[in-house]
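Peer 1: got a predicted structure here, sequence first:
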Amino acid sequence: MKAKLTIAALMCGTMIAGFGGVSHAQDDKLTIGFAVAFSGWMEAYDSEATKMAQLWIEQTNAKGGLLGQQIEVKTADTKTDRVEGAKAGNAMIQEGADLLIYSADYDYGAPAALQAQKAGVVSVSLGAADPKAGILGVGPLSFSATTAGTLEGATSGEWGYAKKGLRKGYQLIDEAIEYNKSLCLGYEWAFTNAGGEVVGKDVFKNADATISSQVTRLANAVRDQGADHLMLCSTTPGAASAIRQIRAAGIDIPILNGTSMDGTYWISAVPDLKDFYVPVQALTVDDPRAEVNKLTAAYAAKYGAAPTTQYAYPIYAWLQLWAKAVETAGTTEGSAVVDVMNTYTDAPTIFGPRTFTDKVHIQTQIPLTITSYQDGKQTAVEEWRISAPIPDAVLYRLKAE
């Protein structure tokens with residue numbers, strides 16, 4: 001384990017309040033630092049996953065900790081700002097972090113992660129779906145706890161072809177963020193590889209109040225080209241508005257989307273929603289796995305309510321594997337831990353298998369649970385794992401769009 005803070009560093013550094021108040025690094029403790037958004041719009045994406053990580057720390061400490069040491073928490077607010085993110089990451093390193101946890105977005109999280117990389121400390125994003133949130137964009141000591149956006153799209157596309165009998169797709173892509181483009185590229189790769197045809201594409205922006213022109217073109221594709229489903233690559237609130245307008249126009253073909261639309265918090269905007277499908281890593285209500293439901297109950301007992309979406313869960317599985325690697329390596333030293341993690345192929349976790357290599361530190365081929373929406377509920381349909389690895393040209397969006 002690396003050396004902890006000196007007295008001088010403590011005097012010069014800013015005290016960071018953890019979940020249990022101000023705490024100080026000690027020789028008999030390990031430290032996990034959180035450089036995440038406690039304010040700004042990213043707080044909505046970081047909050048529940050941060051709480052889930054804290055629950056894992058509490059449970060681990062109750063079992064005796066890690067390497068025979070208790071884990072303490074340090075936190076710094078990135079304020080959903082890249083410059084503040086770099087400051088927060090540096091503060092956590094100066095506070096002696098053995099592991100840095102950063103925001104669930106590559107663009108806003110990387111500035112903090114780069115501070116850990118420079119210091120030889122392992123870092124992990126709470127849920128960035130961009131594969132650059134790892135080796136390519138930060139360095140070999142950085143990971144993302146979740147799946148690549150391309151995997152979500154690929155899962156929807158391949159499952160739709162194989163199990164729903166979908167053959168002619170139409171894409172509607174929200175240009176607001178890069179995730180949406182990755183989602184649709186993954187879908188197109190898998191769906192066409194399976195034998196399907198994309199008969200048309202259109203774009204819109206999340207903030208558009210109306211997409212009447214896009215809806216008209218979609219209706220024409222259904223009538224004239226036989227489009228039998230829509231791949232909608234978007235996030236709330238724009239996606240909910242788009243679905244409402246599509247259904248109001250009498251277009252009732254199945255709609256596929258990504259994990260970004262997980263949860264039922266938004267469905268009041270689309271009365272009587274049905275034939276809508278998204279892949280997830282976990283359900284917050286009635287997951288098919290008893291162990292996941294037990295974890296959800298523990299989260300609800302600690303925080304007063306269950307998570308609202310699946311985004312809270314992936315960090316828990318990642319921490320399970322990090323802890324296993326730390327125990328195997330006998331140290332939290334970055335390169336030693338990563339060398340162990342890079343050997344994991346379909347390593348078991350509470351949410352299923354996870355794989356890391358010395359080239360990819362995000363999940364690109366794990367099974368996901370397809371969920372459907374009807375009668376105001378989101379329910380599990382079945383688990384699906386794509387049949388082939390995603391090529392680098394698709395994963396990193398190197399092909400022409």
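Peer 2: The structure has been received and is ready for your questions.
Peer 1: next SSE downstream of whichever helix in the chain runs longest?
Peer 2: Longest helix in the chain, counting residues (DSSP state H): helix 43-62. As assigned by DSSP states H and E, the chain's next helix or strand after helix 43-62 is strand 70-77.
Peer 1: what are the pairing partners of that next one, and which direction each?
Peer 2: Strand 70-77 has the following strand partners under DSSP bridges: strand 29-36 (parallel).
Peer 1: only alpha carbons, please: show the partner strand as PDB.
Peer 2: Below are the C-alpha coordinates for strand 29-36, written out as PDB (Å, rounded to 0.1, in the frame of the first residue of the first chain):
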ATOM      1  CA  LYS A  29      -6.900   2.200   6.800                       C
ATOM      2  CA  LEU A  30      -7.400   2.100   3.100                       C
ATOM      3  CA  THR A  31      -8.900   5.200   1.400                       C
ATOM      4  CA  ILE A  32     -11.400   5.400  -1.400                       C
ATOM      5  CA  GLY A  33     -11.800   8.900  -2.800                       C
ATOM      6  CA  PHE A  34     -14.800  10.100  -4.700                       C
ATOM      7  CA  ALA A  35     -14.300  12.900  -7.200                       C
ATOM      8  CA  VAL A  36     -17.900  13.100  -8.300                       C
END
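Peer 1: picking up where we left off before, the longest helix of the chain: which residues count as buried?
Peer 2: Within helix 43-62, the residues scored as buried using 16 or more other CB atoms under 10 Å are 43, 45-57, 60-61. Just so you know, the C-beta spots here come from the backbone N, C-alpha and C atoms, and that holds for glycine as well.
Peer 1: where's stretch 298-318 relative to the chain centroid, distance-wise?
Peer 2: 13 Å (CA atoms, centre = their mean, to the nearest Å).
Peer 1: contacts only, for the most centrally placed residue in the chain.
Peer 2: Centroid-nearest residue in the chain, with CA atoms, centre = their mean: G127, separated by 3.1 Å. Residues near G127 by CB atoms under 8 Å, 6 or more residues apart in numbering: 45, 49, 104, 144-146, 311, 314-315.
Peer 1: P288 is in contact with T369, isn't it?
Peer 2: Yes. Assessed by CB atoms under 8 Å, P288 is found in contact with T369 at 7.1 Å.
Peer 1: just the helices in the stretch 151-300 of the chain please.
Peer 2: According to DSSP state H, counting those that start in this stretch, the stretch 151-300 of the chain carries its helices in the segments 178-194, 212-225, 238-248, 290-303.
Peer 1: ok, now the stretch 301-401 of the chain?
Peer 2: Using DSSP H, counting those that start in this stretch, the helices of the stretch 301-401 of the chain run over residues 314-329, 334-341, 392-395.
Peer 1: which strands and helices sit next to the last one?
Peer 2: In terms of contact count using 3 or more CB pairs under 8 Å, 6 or more residues apart in numbering; DSSP states H and E, helix 392-395 is assigned the packing partners helix 149-163, helix 178-194.
Peer 1: now do the shortest one against helix 178-194: the angle between them, please.
Peer 2: Per axes from the mean of the first three to the mean of the last three CA atoms, to 10 degrees, the angle that helix 149-163 makes with helix 178-194 is 30 degrees.
Peer 1: before we move on, back to that, buried deepest among the helices and strands packed on helix 392-395, which one?
Peer 2: helix 149-163 (a mean of 27; mean count of other CB atoms under 10 Å).
Peer 1: return that helix as CSV; C-alpha atoms alone will do.
Peer 2: Extracted in CSV, the C-alpha atoms of helix 149-163 (Å, rounded to 0.1, in the frame of the first residue of the first chain):
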residue,chain,number,x,y,z
GLY,A,149,-23.1,2.2,-25.3
THR,A,150,-22.5,0.2,-28.4
LEU,A,151,-23.1,-3.0,-26.5
GLU,A,152,-26.6,-1.7,-25.4
GLY,A,153,-27.5,-1.0,-29.0
ALA,A,154,-26.0,-4.3,-30.3
THR,A,155,-28.0,-6.2,-27.7
SER,A,156,-31.2,-4.5,-28.7
GLY,A,157,-30.6,-5.1,-32.4
GLU,A,158,-29.6,-8.7,-32.2
TRP,A,159,-32.3,-9.7,-29.7
GLY,A,160,-34.9,-7.8,-31.8
TYR,A,161,-33.9,-9.8,-34.9
ALA,A,162,-33.6,-13.2,-33.2
LYS,A,163,-36.6,-13.1,-30.8
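Peer 1: now for it, which elements pack on it?
Peer 2: helix 178-194, strand 229-233, strand 255-256, strand 276-280, strand 368-374, strand 377-384, helix 392-395.
Peer 1: ok, I362 - contacts?
Peer 2: 128-129, 131, 133-134, 143-144, 146-148.
Peer 1: ok, back up a step: what about P288 and T369, which has more around it?
Peer 2: T369 (23 against 13; other CB atoms under 10 Å).
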